[in-house]
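Asker: how would this look folded up:
(2 chains)
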Amino acid sequence: MNIVRVLACEEVRDMAGAFVLDALESDEADAVRAHLAGCGDPHAEIADLAAAIPGLWETTPSVEPPVTLKSRILAAAAADLRAAPELGATPERSSTRDRLAPPALRATPGLAAVPRAGPANVRPLLRPMRPGMTLGWAAGIAAVLAIALLGAWNVVLQGQVGAQRTEQEALAAVVRAGATPGSLVAVLTAPEASGPYGPIGLAALTPNGSLTLAMHDLRPTSGAQVYQAWVIVGKAAPAPTGFFRVGDSGLGEIAAAPAPVAPGAVVAITLEPGPGATAPTLPILAAGTAPAPAT
Amino acid sequence: MEPTASSPMPPGSVVGAADDADRAVLARVAAGDLAALEELYERYRIMAYSLALRITADPSAAEDVVQDAFLGVWRNVARYVEGRGSVRTWFLSIVHHRAIDAIRRRRPSTALPDPEAGPSPAALRLPDVWSEVAGRLDAAAIRRALADLTEVQREALELAYFGGLTQLEIAERTGAPLGTVKSRVRLGLMALRAALSAEVLSDPPERSRSAGGA
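Answerer: Numbering: from 1, shown residues only, chains lettered A, B, ... in the order given. You can find the predicted model right below:
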């Protein structure tokens, strides 16, 4: 079983050049992303080196793609729109997408092949095991989110990765953030009423107010809908700490406001009709309490 | 020269009218506007396909990569985070990553591309037809940038960015120690960036170190 490697800042600086060139082994790149997600250092060297990349593009001769490519892409996108059901009919939408999309886009089946290292690493945190989880994190995934609310580069860089690696990275990012001294970790579960297959997730709140969240089984949003993350400390009003949409492949990320951090904080997810909610729209889809770190 | 031609775009900087227009298109994509996706395609089809084709050296694979990238944006547009770089940088990084994934999947995990058997990535030089790919940077800046690289830096960047080799694989292939490869990559990127931004770095790369490693 692989353990996601924990890197020191110096190691990340050492790997920065290869990282921006996509020239690391995937587990090394995962480790760098996990570090960036939880590190207080913005690691400006990564942005500095990445600024050279446009120069590499310029050495590439221009080639016009085949004319049929545009129609293929637009047809697949149009099929998405036609197939997009109201929230609640996700399986139909997924199956439509999978029929129409090229193999590389068949994100859900691909996730079945995700190496189990990331999920296995965090499984001990996911107690009690819920009935819907018996097949493990790698099976039947509808949504995996990696939300890094204060990271400088990780979101953009995570945007480069394929769906097959994102689950592992999302969980690795949460584990890494949760390992930061003073961090709080919450397991998010759906209310009992939603049955065994509701969303579940893992959240880490770091002392600098960043929330890193990996969510499992959130359905794709439609239209202007967003999922909103809230952090609730004591009797204070729920603080909106970021919203995100979930695409058809189940992936989504966004950055937002710092989260309040205190032992006992509750992290909750709601579905809102649009961005900018100031109070949660019930029901709460998943929530969990971040207890004080074990000493 | 366009207003942003002389400087690369650090995340969070003001990146010019083209990026504002890109963001406006992206906002429409987020709202499910197919015409906006088409507009995005028209803007980036050549850059995306050219990059994918150079990396995969396979027109069919390159088409798949480009389709995958555009549909990925269509379905996951929320993953773009404003203020962390231009839409162009974000999108082409998606294309690049998917193209690299495609060629790595193509070869057994234990096999290095044989330099004698397969094509090597094209040398880093200004192509005869480049302006559509470039889009933003001017030819003189690019020539300066490439001239600033040492041969071994150019090779390391080519093998990594266009050849899909990891830094460890580059070390094996070139016979250079890993530390030397890291140094070449870092100094090569710094030299390229410095030349592109036409700025005097306070700690300029030491050319003599780049060949011997650090």
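
Asker: from here on, just use CA atoms for contacts and neighbour counts.
Answerer: Will do.

Asker: can you list the weak-confidence ranges in the stretch 151-295 of chain A?
Answerer: For the stretch 151-295 of chain A, the stretches flagged by pLDDT under 70 are A:151-170, A:191-199, A:216-217, A:246-258, A:293-295.

Asker: would you map the helices across it?
Answerer: Ranges of helices in the stretch 151-295 of chain A, per DSSP state H, counting those that start in this stretch, are A:154-158, A:163-179.

Asker: state which helix of chain B is the longest.
Answerer: Using DSSP state H, we find that the single longest helix of chain B is helix B:34-56.

Asker: buried residues in that one?
Answerer: B:34, B:36-38, B:40-41, B:44-56 (16 or more other CA atoms under 10 Å in any protein chain shown).

Asker: so which of the residues you listed reach chain A?
Answerer: B:34, B:37-38, B:41, B:45-47, B:49-51, B:54 (CA under 8 Å from any CA of the partner chain).

Asker: what helices or strands is the longest helix of chain B leaning on?
Answerer: Judged by 3 or more CA pairs under 8 Å, 6 or more residues apart in numbering or on different chains; DSSP states H and E, the packing partners of helix B:34-56 are helix A:67-83, helix B:17-30, helix B:59-75, helix B:87-106, helix B:131-134.

Asker: for the fourth one, list every residue counted as buried.
Answerer: Across helix B:87-106, burial judged by 16+ other CA under 10 Å covers B:87-104.

Asker: bridging residues for residue A:227?
Answerer: Counting by DSSP bridges, residue A:227 forms beta bridges with residue A:244, residue A:271.

Asker: surely it meets residue A:277?
Answerer: No. Using CA atoms under 8 Å as the test, residue A:227 is too far from residue A:277 to be in contact (10.0 Å).

Asker: who are the contact partners of residue A:8?
Answerer: residue A:35 (CA atoms under 8 Å, 6 or more residues apart in numbering or on different chains).

Asker: quick one: it from chain B, how far?
Answerer: Distance from residue A:8 to chain B, counting by CA to the nearest CA, to the nearest Å: 17 Å.

Asker: related to what we said a few turns ago, okay, the helices and strands packed on helix B:34-56 in CSV with mean pLDDT and distance to residue A:272 next?
Answerer: Putting the helices and strands packed on helix B:34-56 into CSV (pLDDT from 0 to 100; distance: least, CA to CA, whole Å) gives the following:
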stretch, mean pLDDT, distance to residue A:272
helix A:67-83, 88, 20
helix B:17-30, 85, 16
helix B:59-75, 94, 19
helix B:87-106, 92, 26
helix B:131-134, 45, 40
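
Asker: reformat those helices as CSV; add distance to residue A:49.
Answerer: Formatted as CSV, these follow (distance: least, CA to CA, whole Å):
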stretch, distance to residue A:49
helix A:67-83, 32
helix B:17-30, 20
helix B:59-75, 23
helix B:87-106, 13
helix B:131-134, 19
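
Asker: deepest of the ones you listed, which one?
Answerer: Stretch with highest mean neighbour count among these: helix B:59-75 (a mean of 23; mean count of other CA atoms under 10 Å in any protein chain shown).

Asker: and that one, what other elements does it pack with?
Answerer: helix A:67-83, helix B:34-56, helix B:87-106.

Asker: for the last one, which outside residues touch it?
Answerer: Helix B:87-106 is touched from outside by A:22, A:54, A:156, A:159-162, B:19, B:22-23, B:44, B:47-48, B:51-52, B:55-56, B:61-62, B:65-66, B:68-69, B:73, B:80, B:162-164, with contacts defined as CA under 8 Å, 6+ apart.

Asker: that one vs helix B:59-75, what angle?
Answerer: Put simply, helix B:87-106 runs at 130 degrees to helix B:59-75, going by axes from the mean of the first three to the mean of the last three CA atoms, to 10 degrees.

Asker: give me the number of residues near the closest residue to residue B:148 other than its chain neighbours?
Answerer: Spatially, and ignoring its direct neighbours in sequence, residue B:148 is nearest to residue B:191 (6.2 Å; CA to CA, 6 or more residues apart in numbering or on different chains). Per other CA atoms under 10 Å in any protein chain shown, the neighbour tally for residue B:191 reads 27.

Asker: tell me which element residue B:191 is part of?
Answerer: helix B:178-197 (DSSP states H and E).

Asker: also residue A:31?
Answerer: Going by DSSP H and E, residue A:31 is part of helix A:26-38.
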